[in-house]
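> Let's see this in three dimensions:
(chains A and B)
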Amino acid sequence: MGADTHCPYCALQCAMTITPAAGGPPEIAGRDFPTNRGGLCRKGWTSAALLDHPERLTTPLVRADDGVLRPASWDAALGRVAAQVTATRAAHGADAVGVFGGGGLTNEKAYQLGKFARLALGTSRIDYNGRFCMASAAAAGNRAFGVDRGLPFPVSDLDGAHTILLLGSNVAETMPPFVQHLRGARESGGLVVVDPRRTATADFTADGAGLHLQPVPATDLALLLGLCHLVIHDGLADKAYLADRTTGYAALARSVAAWWPERTSRTTGVPVAQLRETARLLAAGARSGGSYILTGRGVEQHVDGTDTATAAINLALLLGLPGSAHSGYGTLTGQGNGQGGREHGQKADQLPGYRKITDPAARAHVAKVWGVEEAAIPGPGLPAVELLASLGRPGGVRMFFVHGANPAVSAPDSTRVVDRLRSLDALVVCDFFLSETAALADVVLPALQWAEEDGTVTNLEGRVLRRRAAVPPPPGARSELWIMAGLAARLGAPSSFSDDPETVFTELRAASAGGPADYSGIDYALLDSGAAAYWPYPSGGTGTPRLFLDAFAHDGGRAALVPVAPAATGGHDAVTRDPLFAGGALALATGRLLEHYQSGAQTRRVPELAAASPGARLLIHPAAAAARGIPDGGPVTVANARGEAHCTAEYSTAQRLDTVFLPFHFPGLQGANLLTSSATDPVSGMPEFKTSSVTVAPGRVPAGQGSTGHRVVTGLRAGARGASDPGPVDMAGALRAAGARPGTPATERGGA
Amino acid sequence: MMPLERPGPQVARAHMPHIVVIGFGPVAARLVDGLLPAVQSGQLGVTVVGDELHPAYNRVLVADLGVGRTTVDAITLAATAELEAAGVVLDLGRCVRRVDRARQLVHLSDGRAVHYDKLVFATGSRPVVPKLHGLNPDPNVPLRLPAGVTTLRDLKDAATLHRAVLGGRRVVVLGGGILGVEAALAAAEEGARVTVVHHGAHTLGRSIDADAGQVLAGALQARGIAVAAHARSTAVVLDAAPAGDVPPEASFTALKLDGGGTVPGDLLVLSCGVRPRTEVAAGSGLRTARGILVDHSLQAHHDPQVFAIGDCAEIRCLDAGCRECAGSAGPQGLIGPGWRQAEWLAGFLVRPAEPAPPLAAEQAPVMLLKARGVDVAAAGNVAAGPFDPLPLDNPAGGPGAVAGAPAPLRVSVWADPEHGKYVKMATRDGVLEGFVSVGMPRAAAELVLLFERGAELPADRSALLGLDSAGLPAPNDPSRTVCRCAGVDQRTIAAAVAEGCGTVAEVSARTRAGTGCGGCHGEVRALIEQHFQGAPTPA
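I've put the predicted structure just below:
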């Protein structure tokens, strides 16, 4: 019989059934569920190909004195890690050990990782790759509503909506089965997609289904301020709602008085008529049928991402959408457990249940659940970009754990990140493949995949879902809960560290009780019954499919309108974003392809996906390409002061003339993040992934880089460090895999 | 003569520098916003003197207010109570009589004097009242206009226009510039009967060329707006007010034109441009030209304690050879430069010790008409035509080109007057020097950006024109991906159908097409139908 579970990839968490098959990978079938209605995308269909993949790691690897990763026993590997923790702590203090988590970890693992960092390692230095994903929307939601749940309503609420404004989200490629929920809006002509590219999602607005607004990159905030202005000035605001359910209207109205439509148009490149029609569609839906405003990474991954998401929320509040049964605002969470992963303590400033680590009551509660003194819980740490920048620096982190993340590819300004990772005394990576980050590690601990273990995830609606073990894991790989438990024991950690997911979940429930994300009323039996469990779900209560129907989570129950403005252009304040379009430079937007997920560590290893999308292709408007002498399909060099990426040009009239697009799934010299900036949003710590300034020139793709489907290149810009190109690591024979780093002199790794 | 210092609330000089801002329009409001944190922290004292009682509002929207499209609350930019709570002293409804720079005192109309350490003129500009019989303009004295005659600058003007629009009255707009055309279009759309009187060959004569003017004329006509071009007005005809008005007062009934014609109406809106308000500055001995002369730090000539920003300021430094100043056309009456100056000056005043980045030079202005359904944008020089002879010293850069001579101006045009569309692009070396766009909003938006960036246009100019066209239908290409989610092309689906799949579900089961978002079900169905239509009917 098959096991009912959910897809390993994005936050839609499509329901699927896995049925073991004799003599091959198990079979995957879509399962009827309100989010995906039986649908799966290509990534989901092919996900089983990774379970028995030849490159699967099935033994711990420890870097030997000769600089080569060699198989080791679990006892030796964990002993090595524990000894290194002890030595690092003794020499440099507890905060010299850091942890980097991931939004793909189950709730149990995310929770346990936060606890492991604070109690077993005693460090404040933990953050996770969700900082690259949801931090801006989360910060905006918290300050407007008092709580952050990506969609504060079930996704099926969207089905009948009259108007859906989708900002910076290409769902047709990033979560295809979600597109079913746009059908109502398309039929009523009310799908409005805001994206500098005419994406597959934007194409859904054709033929009268809606509008595509194609703004200049990095002008989303101005666009939203202009829409707020129109709603106020054209008398479309819901005055009764504003009076009853919000605070701050007068100041907000003043703050957008300066964003009249023509000024907005001049800044964004979006014609006034489209702005006005968007406002009209939203207002019409608010009156009848329903209007939703949804944001994605396209508008959030900016140095002003929090303010941009805030402006989207302000627009929704002006129209009276949030907290109504038929309308609302939401952010489309990206990673598989991007919602649960941001609730239970792997964020630098957070404790389980979405509690603040600086809140004495929260600390006392969690300390009691953990059975430790409150003082045993360290204070807030550093957000991801700062954390990564501190690696190997004086006073920074010298030993680093990475779980469920691949920052060597996924972090901004990756050249510098790889330098930092290399400067560590020790790097420990938990993964099921030798990712680009794992290839740099001193110890690699092989972990389990989604279909091999039990657990829970929380999808983009805040609904807690059960993942179930469907197939046995390969011998030699271990669950991360087991790994953390083993290390905690070796380190003599206080409290308890179970390797049983249900036991950990039971503890998570207690730790979350009373917090904003309260899971205390949810248990495995409830989830196994098929119940739809949306948090907050307090013990003895029921879940909350729709938040805010009666009140927002701020004291007084009102939502806060928070005035925001683009950074001053004429003032003295430093603008941290790249200056755009200077001297004929192009704007670079980065993003995802349908075939790949995140850093591609998984999907690049699926033959069907790798064949469909084998390497990075720079999408460029033919006119922009012609001006630079770049032929369609020709090699190009994309460059700025941070680095240089080499890939293939693909003509696309769906791009703006001034903007090129590069997917971020590819490693080595094709890496989009060689070009992105580590400048961050001052509120959320979110880096500016979406807009960089680049020059694009025709150029030869270096030998061997034409189609790195699933090869691993460890030495990013190795030449810059005076070392030769290390070339791909030989991955043949997973059990004996030894990731060498011939380019790195052993002396640089003296501490390992 | 010693100026008389009157007793009154003078801000103590103490250690806290005191800044006095004259004027409380949108530019002054932006400056005060920038100074606010320093006021709250006790680092600075700020007094704002404004002659309007209402706090700063967005003057750009006064015409919208005048036709009832927005409200005073919605265009307000500052909150009196909040500013005062933060420690800003607001002296509104008060005029500045004179400035005594020797003693650093601002003398107010109520007899008080306020000391300043730094003084900022943000006095803006006032509408030009033309010389017409019946009106008696003095550029330095705001006069009371006769009933039925208004400018369009402040809240009172907006209220006057609004009464006329509500009553469906006849509105005569004098002036074919941007504000005049905007007001005419808005008033006509909201129910007034509108005539535009101007002396040029076409409206927006300063911004657009004659052909664009023709296309715009068509748009105005389509909206029922009468336009009297080449019209020189000479006098306003005033008549006794309709019975019932108290007190009885002569009111506007017609505009007299040179040559004897008259344009009758109930309200005359004067839209003849604006002029910087410099009289107080000039009276205090500061140098003025069109505006108050300031250097690149917005500092008045020869007085480092005095600054001017916005409409009243004219950046022209003391360096006779300054290239930036040589190209400056003086104050533009646009809000954008004023706001940038305000933001810059706020930083300069708050952090006097820090070296300030240079204030970015303003680019040539871009005109974007504020009107619904009439899209006009223009910038730069658009007078040249596509077939104008090339300059002799550089005939297309070909043989005979003089080394170092600038590349010739190249002009491309696309005109479709029947559909109200017109685009002209004037480029040098591919970079825009001017453009005008009518009825092509997407192209206009991109041209604005390209002009502002000084970026090179695509060699194929039609790439810009194409932005406004509807998308092309999907090609019927067998290798075209039908199902993106599962990556299935048309050929694969057709093959599955040929092999016997007769329903979408069967095709999905065989190929996975349609198993993701389901968006391609219609296309899969169509391919199935296509197959069976093509198949021979069983006998």
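> thought A:Thr603 was touching A:His665?
Yes. In terms of CB atoms under 8 Å, A:Thr603 counts as a neighbour of A:His665; the distance is 6.9 Å. Just so you know, the C-beta spots here come from the backbone N, C-alpha and C atoms, and that holds for glycine as well.
> hey, what's in contact with both of these two?
Shared contacts of A:Thr603 and A:His665 (CB atoms under 8 Å, 6 or more residues apart in numbering or on different chains): A:His596, A:Tyr597.
> Could I get the pLDDT score of residue 442?
Using chain A here. pLDDT recorded at A:Asp442 is 97.
> You answered for a different chain; I wanted chain B.
The predicted structure scores B:Arg442 at 93 on the pLDDT scale.
> Give the full set of residues in contact with the closest residue to A:Ser423 other than its chain neighbours.
Across the structure, with CB to CB, 6 or more residues apart in numbering or on different chains as the measure, the residue nearest A:Ser423 apart from its sequence neighbours is A:Gly392 (2.9 Å). With contact set as CB under 8 Å, 6+ apart, A:Gly392 has these partners: A:Arg398, A:Arg420, A:Arg422, A:Ser423, A:Leu424, A:Asp425.
> in the stretch 51-200 of chain B, what residue is nearest chain A?
B:Thr70 (4.2 Å; CB to the nearest CB).
> Name the SS class of that residue, please.
Going by DSSP: H, G, I helix; E, B strand; the rest coil, the secondary structure assigned to B:Thr70 is coil.
> That one against B:Leu61, yeah?
Yes. With contact defined as CB under 8 Å, B:Thr70 and B:Leu61 form a contacting pair (5.8 Å).
> Quick check: neighbours shared by the two?
Looking at what touches both B:Thr70 and B:Leu61 (by CB under 8 Å, 6+ apart), the common residues are A:His233.
> Now tell me which helix or strand of chain B has the poorest mean pLDDT.
For chain B, counting by mean pLDDT, DSSP states H and E, helix B:323-326 ranks last in confidence among helices and strands (a mean of 82).
> Dump it to PDB, keeping only the CA atoms.
Coordinates of each C-alpha in helix B:323-326 appear next as PDB, following Å, rounded to 0.1, in the frame of the first residue of the first chain:
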ATOM      1  CA  ARG B 323      28.900  73.900 -17.300                       C
ATOM      2  CA  GLU B 324      26.000  72.700 -15.200                       C
ATOM      3  CA  CYS B 325      24.800  76.200 -14.700                       C
ATOM      4  CA  ALA B 326      25.200  77.100 -18.300                       C
END
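> after it, next one along is what?
Using DSSP states H and E, the helix or strand that directly follows helix B:323-326 along the chain is helix B:335-350.
> For that next one, the averaged confidence score.
Confidence for helix B:335-350, expressed as mean pLDDT, is 92.
> Please spell out which residues along that helix are buried.
The neighbour-count check on helix B:335-350 (16 or more other CB atoms under 10 Å in any protein chain shown) flags B:335-350 as buried.
> list the buried ones in the least confident helix or strand of chain B?
Residues of helix B:323-326 classed as buried: B:Cys325 (neighbour count, 16+ other CB under 10 Å).
> can you list contacts of it?
If you take CB under 8 Å, 6+ apart as the criterion, helix B:323-326 is touched by B:His296, B:Ile315, B:Arg316, B:Cys317, B:Asp319, B:Ala361.
> distance between it and the chain's centre?
On the basis of CA atoms, centre = their mean, to the nearest Å, helix B:323-326 sits 24 Å off its chain's mean C-alpha point.
> Check stretch A:586-603 too.
Stretch A:586-603 has its average C-alpha position 12 Å from the chain's average C-alpha position, going by CA atoms, centre = their mean.
> for it, how far is the first residue from the last?
29 Å (CA to CA, to the nearest Å).
> Next: stretch B:74-88.
For stretch B:74-88, the end-to-end distance is 22 Å (CA to CA).
> cool, and stretch A:589-603?
Counting by CA to CA, you get 21 Å between the two ends of stretch A:589-603.
> same deal with stretch A:457-466?
Across stretch A:457-466, the straight-line distance between its terminal residues is 7 Å, by CA to CA.
> any residue of it up close to chain B?
No. Stretch A:457-466 stays out of contact with chain B when judged by CB under 8 Å from any CB of the partner chain, the minimum separation being 15.4 Å.
> Quick one: mean pLDDT over that stretch.
Taken as a whole, stretch A:457-466 has a mean pLDDT of 98.
> A:Ala96 versus the residue nearest to A:Ser423, what's the distance?
10 Å (CB to CB, to the nearest Å).
> Same check on A:Val68?
Taking CB to CB as the criterion, A:Val68 is separated from A:Ala96 by 26 Å.
> So these two - more neighbours on which side?
Here A:Val68 and A:Ala96 are set side by side on neighbour count (other CB atoms under 10 Å in any protein chain shown), and the busier one is A:Ala96, at 22 against 14.
> Just list the residues touching the closest residue in space to the more buried one that isn't next to it in sequence, thanks.
Of all residues not flanking A:Ala96 in the chain, A:Arg398 sits nearest, at 4.5 Å (CB to CB, 6+ apart). With contact taken as CB under 8 Å, 6+ apart, A:Arg398 is in contact with A:Thr88, A:His92, A:Ala96, A:Val97, A:Leu391, A:Gly392, A:Leu424, A:Asp425, A:Ala426, A:Gly751.
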